[in-house]
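**Student:** Sequence and computational prediction follow.
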Amino acid sequence: MSEVRSHRDLKVWQKSMDMTVAVYELTRFFPKDELYRITSQVTRSAASVPANIAEGHARGTRKDYAHFLAVSKGSLMETETFLLLAIRLNYISQNQAQLTLDLITEISKMLTKLRQTLTE
C-alpha cells in the first residue's frame, strides 16, 4: 500500500475528480434554460465531493475528517439525485449517465469504508 501524503494520493479523491469532470461533460446536453437551475446545482454538488474529501483530509482530527467524508457522501447522493432527475426530464439518457452513476456507486462505497476506518 502506498503512503498517503496528500488528499491527491487518495483513490476516492481521484475518482471523485473523475466523476466531477464526467458530470460537467453530461451537463453540456442540458437545455440552456437550465443553466441557473439543475445545471448549476448538479455541478456544485459534484465539485463538493472531492472538495470535502480534501478539506477533511487537511483537518487535524479523525473526527473532523469523518465529518467531512459524511458531507462529501451527502453531496454525492445529491449529485446522483440530480442526474436521475435529468434522465427523467430527458435531458440525458440512462446510457449517457450510466458510467457516471456507476462511478457514484463506487465512490459511495469507498467513502463509507474510509469513514468506518476513521470511526473505529
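**Tutor:** Great, that's in hand.
**Student:** so how many other residues sit close to the closest residue to Lys11 other than its chain neighbours?
**Tutor:** Nearest non-adjacent residue to Lys11, counting by CB to CB, 6 or more residues apart in numbering: Met110, 6.9 Å away. In this view, the C-beta of every residue, glycine as well, is placed from N, C-alpha and C. Neighbour count for Met110, taken as other CB atoms under 10 Å: 19.
**Student:** and if you look at the one 5 residues further on?
**Tutor:** Counted with other CB under 10 Å, the burial measure for Arg115 works out to 20 neighbours.
**Student:** Please look at it and Phe68 and confirm they touch.
**Tutor:** No: taking CB atoms under 8 Å as the definition, Arg115 is not a contact partner of Phe68, at 9.6 Å.
**Student:** on that earlier part again, run a quick check on the residue nearest to Lys11 versus Met19, I expect a contact.
**Tutor:** No: judged on CB under 8 Å, Met110 makes no contact with Met19 at a distance of 11.1 Å.
**Student:** if we can go back for a sec, which neighbouring elements make contact with the helix or strand harbouring the residue nearest to Lys11?
**Tutor:** Taking DSSP states H and E as the definition, Met110 sits inside helix 94-119. In this structure, helix 94-119 makes packing contacts with helix 11-26, helix 62-88, judged by 3 or more CB pairs under 8 Å, 6 or more residues apart in numbering; DSSP states H and E.
**Student:** who's in contact with Val23?
**Tutor:** 42-43, 46, 79, 83, 100 (CB atoms under 8 Å, 6 or more residues apart in numbering).
**Student:** In terms of pLDDT, where does it sit?
**Tutor:** Predicted confidence (pLDDT) for Val23: 98.
**Student:** One more: the one 5 residues further on?
**Tutor:** As predicted, Arg28 sits at a pLDDT of 97.
**Student:** Point out where this structure drops to low pLDDT.
**Tutor:** 1-2, 4 (pLDDT under 70).
**Student:** from what I can see Pro31 touches Tyr91, true?
**Tutor:** Yes: if you go by CB under 8 Å, Pro31 and Tyr91 touch, sitting 6.6 Å apart.
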